[in-house]
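> have a look at this prediction, sequence included:
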Amino acid sequence: MADFEALHLSPPIAAAVSRLGWTADDPVMRDAAPTAARGHNLVAILPPVPAAATPVLTGLLSRLGGGVTGLLLAADADLDEWARRIHLLAGETGLDVLLAHGAGRAARRLRGDKPVDLLVTSPAAALALHRRSALRPETLASVMLAWPEEWGEESEISSLMQDLPKDAQRIVVASVPDRAGDLVERYARRALTVSAPGLDGVIAPSGPVRTVSVPWSRRAEAIPELVELLDPASVAVWTLDRGGEATIRQVLTSSDPSIQIVTGDAPAVQTVIAFDPPTPSRLRQLVTAGEVVLLVPPATEAYARRIASPRRPLRLSGALDTAASVAEVRRAAIVATLETGPLDRALLTIAPLIERYDAAAVAAALFELWSGTPVAPVAAPVAEAESPAIAKVFVGVGKKDGATVNDLVAVLTKEVRVDREKIGRVELRDGYMLVEIPAQEAERIAAALSRTTIRRKRVMAKVDNAEKGRKSPVGGRRP
């Protein structure tokens, strides 16, 4: 306990992390925890599982409270697993942690009288809260980006990150060092970099390894199904720490009591089930202990490919794990669309259908169309397919002012209140930018832009009359 407190961890968190089986002399814990606790910028290269980020979380959580607020951004499919990990660490601290899959209820909480110490949410939900003025970046003392390489396009948080105070702590957790470099350059300069053993260079894959695609929430339930399917003479379940031990023991009550749960080196057995994604060095030890089965939750597939080869996918008999994983990802995409909108055009299209049919049936039919059911195209008159007129607006800031396309898009959406879908191609030049917008709104948008600033320079905007009224090209572009 005293060793953990020397790492600047609060006593309740020091006690919690000790119960999970961590030691103060763990290399990642020794470097990451005090750096995060002191409020310094940090980059951690770790396997893509919240348990692996425990050293980072312990420092961050020890720093929060007493007016110090934090934001943790993660992929929507990972949020519940993050909430479980944070509860294990901060359950006795009294910190107010808000988990938000969407913006509606979270907006009410954030506007309430009681301050939230840590908001855990997805990039899409955070952006929606920011647009509703419920999440104010200028009030944040710490922001943690959890495996942003899983998010796909992370540029959507650029406007939020740009509004952070200069002295706000920035923490980036990634599993791919070369991907982390770009993020550090943009968001976490002058950061200490800490890496789990074997992740800081070229990885030599270990194998052969069997893999099972399974949602985070079904990892424990998959273990007895695997034991039944493989029927090994001896089994060890390897976990990164003791965080999942109680859940695993619950599902193993009716199974062979000789099944071992280990957190360090696995003993020699016929089958080793890796409950958490291991580091490359740990996987090499597990492979020497027995046949390894990796549980692969959503968005960890790329990491599994990097550390394990050859791989042999394994499908659980009678289980729909792969389908459940795909469904989880699709639900996350639907939630993101609902939260970020706008949906006016879609609502106008389906409103007559909802009047005639049950709303759930309409939604199910739309899902079938969206997920790939072939539909015969409906011919439309050529005259109705003509694209609307567009205009170009000249904006008098450019590369030499340090301005970017994202800067202009952020001002248009946040300050001028232009719907994102109305913003066309943006041309970035040395001394200016040209942005395509609907011609009928060009004068209003140009006038509104002229009342704003980009990179501390007053914007001068005007309609480029040479382009005004030109038709938008078919299959046009978007920045």
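Yep, it's here. Residues are numbered from 1 along each chain as shown.
> now do the helices in the stretch 351-479 of the chain.
Here the stretch 351-479 of the chain has its helices, by DSSP state H, counting those that start in this stretch, at 359-370, 405-414, 442-449.
> confirm that Leu229 sits in a strand.
No - the assignment for Leu229 (DSSP: H, G, I helix; E, B strand; the rest coil) gives helix, which keeps it out of a strand.
> show me the shaky parts of the stretch 301-450 of the chain.
The stretch 301-450 of the chain contains residues with pLDDT under 70 at 317-330, 332-333, 336, 339-342, 344, 355, 371-388.
> same thing but 50
Under the criterion pLDDT under 50, the flagged ranges of the stretch 301-450 of the chain are 318-322, 373-387.
> the strands in it, which residues?
Applying DSSP state E, counting those that start in this stretch to the stretch 301-450 of the chain gives strands spanning 311-313, 389-395, 426-428, 433-438.
> want to throw these into CSV with distance to Val43 and mean neighbour count?
Backbone N, C-alpha and C define where each C-beta goes, glycine included. As requested, those are arranged in CSV below (distance: least, C-beta to C-beta, whole Å; neighbours: other C-beta atoms under 10 Å):
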stretch, distance to Val43, mean neighbour count
strand 311-313, 28, 13
strand 389-395, 34, 22
strand 426-428, 28, 18
strand 433-438, 32, 22
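> for these, which one sits closest to Glu81?
strand 311-313 (22.1 Å; C-beta to C-beta).
> which element follows the host helix or strand of Leu89 toward the C-terminus?
In this structure, Leu89 sits in helix 79-90 according to DSSP states H and E. Using DSSP H and E, the helix or strand that follows helix 79-90 towards the C-terminus is strand 97-100.
> what sits up against that following strand?
The contact list for strand 97-100 (C-beta atoms under 8 Å, 6 or more residues apart in numbering) reads 79-80, 82-83, 86-87, 90, 106, 109-110, 116-121, 125, 129.
> return the alpha-carbon coordinates of that strand using PDB.
What follows is strand 97-100, C-alpha atoms only, in PDB (Å, rounded to 0.1, in the frame of the first residue of the first chain):
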ATOM      1  CA  VAL A  97     -18.500   8.900 -12.900                       C
ATOM      2  CA  LEU A  98     -21.000   9.300 -15.700                       C
ATOM      3  CA  LEU A  99     -21.200   6.600 -18.400                       C
ATOM      4  CA  ALA A 100     -22.900   8.000 -21.500                       C
END
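> before we move on, back to that, off-centre distance for the helix holding Leu89?
Between the centre of helix 79-90 and the centre of its host chain there is 15 Å, according to C-alpha atoms, centre = their mean, to the nearest Å.
> report all helices and strands that it contacts.
With contacts defined as 3 or more C-beta pairs under 8 Å, 6 or more residues apart in numbering; DSSP states H and E, helix 79-90 has these neighbours: helix 11-19, helix 54-63, strand 97-100, strand 118-121.
> now do it against helix 11-19, angle only.
110 degrees (axes from the mean of the first three to the mean of the last three C-alpha atoms, to 10 degrees).
> now do helix 79-90, average pLDDT.
Confidence over helix 79-90 (mean pLDDT, whole number) is 95.
> buried stuff in it?
79-86, 88-90 (16 or more other C-beta atoms under 10 Å).
> closest one to Ala141 among the helices and strands packed on helix 79-90?
Nearest to Ala141, of all the helices and strands packed on helix 79-90, is helix 54-63, at 7.6 Å by C-beta to C-beta.
> and that closest one, which residues are buried?
Those would be 54-63, for helix 54-63 by 16+ other C-beta under 10 Å.
> quick check: the farthest pair among those?
So, these by C-beta to C-beta: farthest apart are Thr54 and Arg63, at 15.0 Å.
> is Leu72 in a helix, a strand, or coil?
When classified by three-state DSSP, Leu72 comes out as strand.
> tally of neighbours for Ala365?
By the measure other C-beta atoms under 10 Å, the count of residues near Ala365 is 14.
> wait, which of the helices and strands packed on helix 79-90 is closest to Leu283?
Nearest to Leu283 among the helices and strands packed on helix 79-90 is helix 54-63; the distance by C-beta to C-beta comes to 19.0 Å.
> name the helices or strands packed onto the closest one?
Partner elements for helix 54-63 (3+ C-beta pairs under 8 Å, 6+ apart): helix 11-19, helix 27-37, strand 42-45, strand 70-73, helix 79-90, strand 142-146, strand 169-174.
> pull out the buried residues from the second one.
With burial defined by 16+ other C-beta under 10 Å, the residues of helix 27-37 counted as buried are 28-37.
> tell me the one of those nearest Ser195?
Distances from Ser195 to the buried residues of helix 27-37, taken by C-beta to C-beta, are shortest for Val28, at 7.8 Å.
> from Leu283, how far out is that closest one?
Using C-beta to C-beta, to the nearest Å, we find Val28 at a distance of 17 Å from Leu283.
> please verify my assumption that Ile437 contacts Ile445.
Yes - counting by C-beta atoms under 8 Å, Ile437 touches Ile445, with 5.6 Å between them.
> overlap in contacts of the two?
393, 418.
> Asp25 falls within a helix, correct?
No - counting by three-state DSSP, one finds Asp25 to be coil, located in no helix.
> about what we covered before: closest one to Pro224 among the helices and strands packed on helix 79-90?
Closest approach to Pro224 among the helices and strands packed on helix 79-90 is made by helix 11-19 (25.4 Å; C-beta to C-beta).
> can you name every helix or strand that that closest one contacts?
Contacts defined by 3+ C-beta pairs under 8 Å, 6+ apart place helix 11-19 against helix 2-5, helix 54-63, helix 79-90.
> could you dump these into a markdown table with distance to Thr349 added?
What follows is these, written out as a markdown table (distance: least, C-beta to C-beta, whole Å):
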| stretch | distance to Thr349 |
| --- | --- |
| helix 2-5 | 57 |
| helix 54-63 | 44 |
| helix 79-90 | 31 |
